[in-house]
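J.: Next one to model:
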Amino acid sequence: SHGRVAAEAARDAARAFLTGRGIVPRLRERPAETMGELFRRMNARVVDAMNLQPGVVRQRAGPSGPGTGAPGVLLLEPVTEADGSSALDVTDGGTTASVVVVVDGRFLYTAACGDSSGVLITAGAGAE
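T.: Presented below is the predicted three-dimensional model:
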């Protein structure tokens, strides 16, 4: 399902970002900005993964850029309506995220978007 694809893409992006070199000093110095960057990378990976799904198409969705509140692109998939007609429905993978990072065994940083289950990322492995 698209939800599973999106969740796995977000998890993989989080793992890559949080286990990268220099992440701990960045979290210590600029936790909000670093967690914001994490979510932007997760979102980009989800969009990339959704673009690869069979039948998903892209359509411009109005203005984009800082402060516009619109992503600029909708991901759509064909659906058959109850009356048998064809239509396009928005699909985004249906994923949301909650991320918790412990730094130095003392500092706990969290970021969340939407209602979601948690994802555990450690230096050696990840588990849902």
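
J.: Could you double-check that Ala14 sits in contact with Phe39?
T.: No. Using C-beta atoms under 8 Å, Ala14 is not in contact with Phe39; the gap is 9.0 Å. To be clear about C-beta, it is placed using only N, CA and C from the backbone, and glycine gets the same treatment.

J.: Looking at those two, which has the bigger crowd around it?
T.: For the pair Ala14 and Phe39, the greater number of neighbours falls to Ala14 (21 against 18), based on other C-beta atoms under 10 Å.

J.: If you average the pLDDT over the helix or strand hosting that one, what comes out?
T.: Assigned by DSSP states H and E, Ala14 belongs to helix 2-18. The average pLDDT within helix 2-18 is 87.

J.: With stretch 21-28 instead?
T.: Averaging pLDDT along stretch 21-28 gives 92.

J.: May I see the buried residues of it?
T.: Across stretch 21-28, burial judged by 16 or more other C-beta atoms under 10 Å covers Leu27.

J.: At which residues are the strands of this structure located?
T.: 57-60, 73-80, 86-90, 97-103, 107-113, 120-121, 126-127 (DSSP state E).

J.: any common contacting residues for Ala14 and Phe39?
T.: Shared contacts of Ala14 and Phe39, defined by C-beta atoms under 8 Å, 6 or more residues apart in numbering, are found at Ala97, Val99.

J.: Read off the pLDDT value for Pro31.
T.: 91.

J.: burial of the nearest residue to it once chain neighbours are set aside, as a residue count?
T.: Using C-beta to C-beta, 6 or more residues apart in numbering and skipping residues adjacent in sequence, the residue nearest Pro31 is Tyr109, 4.9 Å away. For Tyr109, the neighbour count with other C-beta under 10 Å is 16.

J.: For Tyr109, give its distance to Gly55.
T.: 38 Å (C-beta to C-beta, to the nearest Å).
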